[in-house]
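Visitor: generate a structure from the sequence data that follows.
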Amino acid sequence: MEEESQTETAAPSISNFSSKLRAMVRIRRKYQVMKKRRAELGGELPRSGLLPRPTGPEIFTFDQLPVSGGSPRKRKKKKRNRVMFPNDGRRYLPAKERSRAKNCLFLLSIIVCVQVYNAIENLDDHLQRYDLEGLEKTLKREVFGQREAAESILELLSDYLSTYVHNKPLVISINGPSGVGKSHLGRILARHFRSVASEELVLQYFMLHHCPLEENAPHCAQELATRISDMVNRAEAEEKIPVFIFDEVEFMHSPLLEYLQGFFRANQTNEYLNAVYVLISNIGQAEITKFVLQNSSSNDSLGKQKLTQELGRQVKRSLVHYHPLWADTDVVPMWLLEKSHVMECFLDEMTREGFYPDTSHIERLAAEISYYTAGNREYSRNGCKQVVGKVNLL
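Guide: As a prediction, the model looks like this:
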């Protein structure tokens, strides 16, 4: 009985194993058949040139069809060259080569800086030669009520005398009513430049003294031209700038004006371009008087400086209408003197003559002079012209 039960249990286990083995054999056979078919299809397709019809959906693209008879070439990826550093070492950047261009640029910058420094030093040397700081102090001390005019003259002289190379001469026209200090300013300029330059390089020419008669004008013009040429050549030899001061220009005759206009032009030889001309006259005094009385309310210095520039443009138009000579000039107008300025003139003159400067006495003398009245200000009709005569009567 026991033997029969053992044989019955062993029989189903053998049958299960054999069924599994048969299934594996069938699967293997099917795999080999499919592999063989794929191998046969792979050998026939290249020979026929036909491609198998895709089973998926067809999609239109712009890609080119593969060329028959060869497989498409694959792009080779570029390998990046990496610099491998050891783990136990330090990484250093490659050493930069020193450029010679940088050294040349550095040397050129040093040369330019030195030249600029030397040029500035030369400018200072020219200005120190003419001592414009001393002239400024003298103008502040001896010229009353004309601060804007004095500053304009100093600025023009400083710009011109700072160098010895010019493309035209400097021509300054000082214009104003009678008694405002025009001739006094001209005498201060002549005295100063005689002391710093030379006596032979400064000419002070008074029309009513040197050439009063009109019939002598041609002879005066030739004589003046010869004198200017001699002074210019002398100044060129000494490397200095001559100064010519012409007073009472309103009485200058036409031949003299024509000769002077020729010296003011830019198309001349180099020695004639290095010169300073100062023209003093009362031409345009009516425009100046009217302008000052209409703008008497301006108190601040900045507003007065702008008014002075506007006044200079108006006076220049009047001067050019008088003669084309003034087209190439820098016009410096001088304002009317107020009563306080007249009192300063009395104080200075009385001190020079040795009188005691009594304030009440000065006020009494200043009250004897006639004035224009504009608002709350009083402007002298004749400036300080009567001061010397009244002090001499004391």
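
Visitor: Leu365 reaches Cys345, doesn't it?
Guide: No - checked against CB atoms under 8 Å, the pair Leu365 and Cys345 is beyond contact range at 9.9 Å. (C-beta placed from N, C-alpha, C; glycine too.)

Visitor: neighbour count for the two, which is higher?
Guide: Cys345 (27 against 22; other CB atoms under 10 Å).

Visitor: per-residue pLDDT of that one, please?
Guide: Looking at Cys345, its pLDDT stands at 93.

Visitor: and Leu123, by the same measure?
Guide: pLDDT at Leu123 comes out at 52.

Visitor: which residue ranges form the helices in the stretch 251-394 of the chain?
Guide: 254-263, 270-273, 285-294, 301-322, 339-353, 359-367, 387-392 (DSSP state H, counting those that start in this stretch).

Visitor: quick one: buried residues of the helix or strand containing Asp230?
Guide: Assigned by DSSP states H and E, Asp230 belongs to helix 217-238. Across helix 217-238, burial judged by 16 or more other CB atoms under 10 Å covers 217, 220-221, 224, 228, 231-232, 235-236.

Visitor: and of those, the nearest to Ala39?
Guide: Comparing these against Ala39 with CB to CB places Glu236 closest, at 112.8 Å.

Visitor: correct me if wrong: that closest one contacts Glu271.
Guide: Yes - using CB under 8 Å, Glu236 makes contact with Glu271 at a distance of 4.0 Å.

Visitor: can you pull the contacts of the residue nearest to Ile362 when sequence neighbours are not counted?
Guide: Among residues not flanking Ile362 along the chain, Phe346 sits closest, at 4.8 Å (CB to CB, 6 or more residues apart in numbering). Counting by CB atoms under 8 Å, 6 or more residues apart in numbering, Phe346 touches 362, 365-366, 387, 390-391.

Visitor: same question for Val243.
Guide: Applying CB under 8 Å, 6+ apart, the residues contacting Val243 are 189-190, 193, 197, 201-203, 275-276, 278.

Visitor: now it, what are its backbone angles?
Guide: Dihedral pair for Val243: phi -130, psi 130, per degrees, to the nearest 10.

Visitor: how close does it sit to Arg234?
Guide: 13 Å (CB to CB, to the nearest Å).

Visitor: which neighbours do those two share?
Guide: With CB under 8 Å, 6+ apart as the test, Val243 and Arg234 both reach Leu201.

Visitor: before we move on, the earlier item: lowest-confidence entry in the contacts of Val243?
Guide: Ala197 (87).

Visitor: excluding chain neighbours, what is closest to that one?
Guide: Using CB to CB, 6+ apart, the closest residue to Ala197 is Lys240 (5.5 Å).

Visitor: that neighbour should be in a helix, yeah?
Guide: No - Lys240 sits outside any helix when classified using DSSP: H, G, I helix; E, B strand; the rest coil, being coil.

Visitor: run a quick neighbour tally on it.
Guide: For Lys240, using other CB under 10 Å, the count is 20.

Visitor: tell me the contacts of it?
Guide: 129, 197-198, 201.

Visitor: if I look at the closest residue to Tyr371 other than its chain neighbours, how far off is Ile280?
Guide: In space, and not counting its chain neighbours, Tyr371 is closest to Glu378: 4.0 Å by CB to CB, 6+ apart. Between Glu378 and Ile280 the computed distance is 26 Å (CB to CB).

Visitor: more crowded one of these two?
Guide: Between Glu378 and Ile280, Ile280 has the larger neighbour count (other CB under 10 Å), namely 23 against 20.

Visitor: quick check: beta-bridge partners of the more buried one?
Guide: With DSSP bridges as the criterion, Ile280 is bridged to Ile174.

Visitor: isn't it up against Ile188?
Guide: No - using CB under 8 Å as the test, Ile280 is too far from Ile188 to be in contact (11.7 Å).

Visitor: please enumerate the strands of this protein.
Guide: Under the criterion DSSP state E, the chain carries strands at the ranges 170-175, 202-206, 243-247, 276-281, 330-333, 371-374, 377-380.

Visitor: tabulate the ones you listed (JSON lines), appending distance to Glu148.
Guide: Formatted as JSON lines, the strands of the chain follow (distance: least, CB to CB, whole Å):
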{"stretch": "strand 170-175", "distance to Glu148": "12"}
{"stretch": "strand 202-206", "distance to Glu148": "24"}
{"stretch": "strand 243-247", "distance to Glu148": "20"}
{"stretch": "strand 276-281", "distance to Glu148": "17"}
{"stretch": "strand 330-333", "distance to Glu148": "9"}
{"stretch": "strand 371-374", "distance to Glu148": "18"}
{"stretch": "strand 377-380", "distance to Glu148": "15"}
